[in-house]
Structure formats: C-alpha cells, structure tokens
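J.: Would you be able to build a 3D model of this:
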Amino acid sequence: MPPAALPAPHLLVFAREPVLGRVKTRLAAGIGAEAALAVYRELLALTAEAVAAAQVPATVWLAEAPAEGNPTQPRPEWPGLPWRVQPATESLGARMAQAFSEAFAAGAGRVIIIGTDCPGLSAELLRQAFDELLNYELVVGPADDGGYYLLGMNKLEAALFANKNWSTATVLSDTLADAARLGLRVAQLPTLHDVDSAQDLATWREHQAASGGQ
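T.: You can find the predicted model right below:
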C-alpha cells in the first residue's frame with residue numbers, strides 16, 4: 001500500500017510594489033523616501049530569493065494593484081509567481097484571513113504567510129516551517145519587535161486574525177494566547193530581526209558588517 005500523500009503546501013507572500021513614497025514609511029521618516037525605497041528593493045530581492053529556493057507553490061498578494069504591466073504575467077520582482085491584490089479591508093488580519101481561506105479552498109493543506117521585512121528569512125526556514133505543520137497545528141516565526149515574520153497553519157483559524165493591534169509589540173503574544181485558548185499545538189521557529197525603522201536598519205547593517213556581509 002503506497003504511503004499517503006502529504007498535505008499540499010502553499011506559501012502566501014504579502015508585499016507591496018516598490019514605488020517611491022508607498023513603501024517603508026516608518027523607515028522613510030528616518031532616512032528619506034528614496035533611501036527607504038532602495039532598502040525595500042533589497043529586502044524584496046532577499047525574500048524572493050528565499051521563496052524561489054524553497055521550491056514550494058506560492059502566491060504574491062500585493063497591497064495595491066500595480067499601476068502598469070500585464071495582469072496575467074508575474075511581477076518583475078517575483079518571477080514565475082502568480083499574484084493577487086489584497087482585498088480592500090482596513091484590517092491586516094482580515095486580508096491575511098482571506099488569503100489563507102482562498103489557499104485552503106484551492107486544495108492546500110499547509111499554508112504559510114510571510115511578509116518582506118525580514119532579511120534573515122531563508123529557504124531552509126520556509127521548508128522547516130512546512131515540515132512543522134505535519135506535527136503541529138500552528139507554526140510561528142517570532143520577530144524581535146514583538147510581531148511575527150511567519151505564520152502557518154493546516155486549517156483556517158480565523159480567531160488568530162481578530163482583535164489584534166497590528167504593527168505593535170503585542171501581536172505575537174496575543175496570537176500565542178489565542179492559540180493556547182484554542183488548544184492548538186504551536187511550533188516556534190528562531191526569532192529573527194525585522195526591518196521597519198531607521199534603528200532596525202542600523203541593527204541589520206551592524207549584523208551584516210559583523211558577519212562579513214551575510
């Protein structure tokens with residue numbers, strides 16, 4: 001008797017188009033809009049490299065519709081990947097829940113979401129996260145600012161996206177509290193550094209210098 005097939009993985013990437021003045025507003029407040037756009041392009045390239053190397057099916061969910069380009073073709077920053085526009089809701093949680101819901105409805109059995117703020121995210125971590133969902137109901141990648149850089153589950157847990165103060169230091173703790181209340185078994189990945197502010201950027205650059213540019 002052949003072994004049962006593993007639940008299909010799917011990766012959701014929440015991103016923005018690299019447009020001057022539309023990305024990294026907190027970072028831009030400290031270093032200027034043009035420099036912030038350059039940093040965002042750098043983060044996009046690192047994330048796209050990790051996603052491509054992970055070799056899992058993925059969909060890019062853009063915060064806004066591109067101003068130009070063929071809607072049937074991949075965006076230049078995400079070669080080979082289909083893309084969608086995030087639903088027009090004010091809540092980041094509602095947008096993420098919708099993306100998860102569509103992935104599960106399309107047949108995925110393990111779904112993970114990431115953003116584009118974490119330069120330490122690697123293909124190995126992505127693969128590890130999908131593997132964790134074979135034994136846990138939830139996987140989370142904590143960020144050192146109190147949020148998370150990765151969240152994954154094997155069925156939609158809508159409560160995890162409700163009643164959160166997004167982009168604050170309480171997001172991770174509130175999410176883990178919800179998971180405990182729901183009785184979910186949680187696997188945690190290593191804590192990584194997000195780049196949202198000028199101080200975050202300085203910390204990343206110091207780490208790069210100390211590690212020889214890695």
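
J.: In the helix or strand hosting Ser173, which residues are buried?
T.: Per DSSP states H and E, Ser173 falls inside helix 171-182. Neighbour-count burial for helix 171-182, counted by 16 or more other C-beta atoms under 10 Å, picks out 171-172, 174-176, 178-179. For glycine as for every other residue, the C-beta is placed from the backbone atoms N, C-alpha and C.

J.: Ok, stretch 151-160 next?
T.: 151-154, 156-157, 160.

J.: Identify, by residue count, the longest helix of the protein.
T.: Determined from DSSP state H, the single longest helix within the chain is helix 33-54.

J.: quick check: angle from the helix or strand following that helix to helix 33-54?
T.: Next in sequence after helix 33-54, counting helices and strands by DSSP H and E, comes strand 58-62. Using axes from the mean of the first three to the mean of the last three C-alpha atoms, to 10 degrees, the inter-axis angle of strand 58-62 relative to helix 33-54 is 160 degrees.

J.: Given strand 58-62, what are its sheet partners and their directions?
T.: strand 9-15 (parallel), strand 83-85 (parallel) (DSSP bridges).

J.: Follow the chain on from the helix holding Ser173 and name the next helix or strand.
T.: Next element after helix 171-182 (DSSP H and E): strand 186-188.

J.: For the next helix or strand after that next one, list the C-alpha coordinates in CSV.
T.: Using DSSP H and E, the helix or strand that follows strand 186-188 in sequence is helix 198-210. What follows is helix 198-210, C-alpha atoms only, in CSV (Å, rounded to 0.1, in the frame of the first residue of the first chain):
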residue,chain,number,x,y,z
ALA,A,198,16.0,53.5,10.9
GLN,A,199,17.1,51.8,14.1
ASP,A,200,16.1,48.4,12.7
LEU,A,201,18.1,49.2,9.6
ALA,A,202,21.2,50.2,11.6
THR,A,203,21.0,46.9,13.6
TRP,A,204,20.8,44.9,10.3
ARG,A,205,23.7,46.8,8.8
GLU,A,206,25.8,46.1,12.0
HIS,A,207,24.9,42.4,11.8
GLN,A,208,25.9,42.4,8.1
ALA,A,209,29.3,44.0,8.9
ALA,A,210,30.0,41.6,11.7
